[in-house]
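A.B. asks: please find the sequence and the predicted model below.
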Amino acid sequence: MSHTVVEVQNLSVAYHDEMALQQVSFTVTNQTLVGIIGPNGAGKSTLIKAIMGLVPSLTGKVTIFNQPVSKVRKRIAYVPQRNTIDQDFPVLVEDVVLMGRYPHLKWWQRPTAKDRQIAEQCLEQVGMLNLRKRQIGELSGGQQQRVFLARALAQEADLFFLDEPFAGIDITSEQIIINLLRTLREKGKTLFVVHHDLSKVEEYFDQIVLLNKQLIGYGAKEEVFQLDLISKAYNGQVALVGKRDSALVVSG
């Protein structure tokens, strides 16, 4: 049974007097894998940060599970862009994943044996258990991204935001991550993924938020991933090498 998870109404965000998002509105239900696509500078990362309340909004209202974000923060997991992480910070893989348990602990509590067990299970899910004693900075980009996803899994959230999780990673890591996202969706979770590779959009997502500071389109991938809307979002700068079964094949 579907129910509303995220409702965004007339959301606008500005940085230094320049509009980053303008009057964006849409509603997402549970058990949905949503791709957020658009050109560089379209406001994709800003959108998920604004939904989570990590950046202030000029106008608009966001509700998650029909409540203000502040009331449901424990139910939200966030995987930021990998390049925002300090690669030199001396922390072990298993400790990174254990951080996902902190929202469930009081400020004076230390992680329990159960918390450590959950963290191990999450590392196993992403195929990284054998590297749990490694420093995070020693891992490849794909391995790091799998660890950050394991941290999100350890939080046992219902709503996931991932910012460019497939950027600069190996194909094995990409397959592990997309399969996990699909599994989470089948368990009733809702997932937002900022994504830049248009050739994978139809394969990966159920619904699409197509942005260029304004909402160009939102809905089922079959409706939104169309030449006219994509061209509008990318100001006509999209090279299309063919159209098969209504799928847009994009290069460049």
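C.D. replies: Alright, I've got the coordinates.
A.B. asks: so for stretch 32-42, mean pLDDT?
C.D. replies: Mean pLDDT, stretch 32-42: 95.
A.B. asks: in which helix or strand does the closest residue to residue 157 other than its chain neighbours reside?
C.D. replies: In this structure, residue 157 finds its nearest non-sequential neighbour in residue 77, 3.7 Å apart by CB to CB, 6 or more residues apart in numbering. To be clear about C-beta, it is placed using only N, CA and C from the backbone, and glycine gets the same treatment. Assigned by DSSP states H and E, residue 77 falls within strand 76-79.
A.B. asks: average model confidence for that strand?
C.D. replies: Averaged across strand 76-79, pLDDT comes to 94.
A.B. asks: what's in contact with it?
C.D. replies: 48, 52, 64, 69, 100, 145, 148-149, 151-153, 155, 157-163, 165 (CB atoms under 8 Å, 6 or more residues apart in numbering).
A.B. asks: the next helix-or-strand element following it: which residues count as buried?
C.D. replies: Tracing the chain C-terminally past strand 76-79 and defining elements by DSSP H and E, one meets helix 93-98 next. For helix 93-98, a neighbour-count test (16 or more other CB atoms under 10 Å) marks 93, 94, 95, 96, 97, 98 as buried.
A.B. asks: out of these, which is nearest to residue 3?
C.D. replies: Nearest to residue 3, judged by CB to CB, of these is residue 97 at 29.7 Å.
A.B. asks: in its sheet, what does the strand holding residue 77 sit against?
C.D. replies: Note on strand 76-79: by DSSP bridges, its sheet partners are strand 159-163 (parallel).
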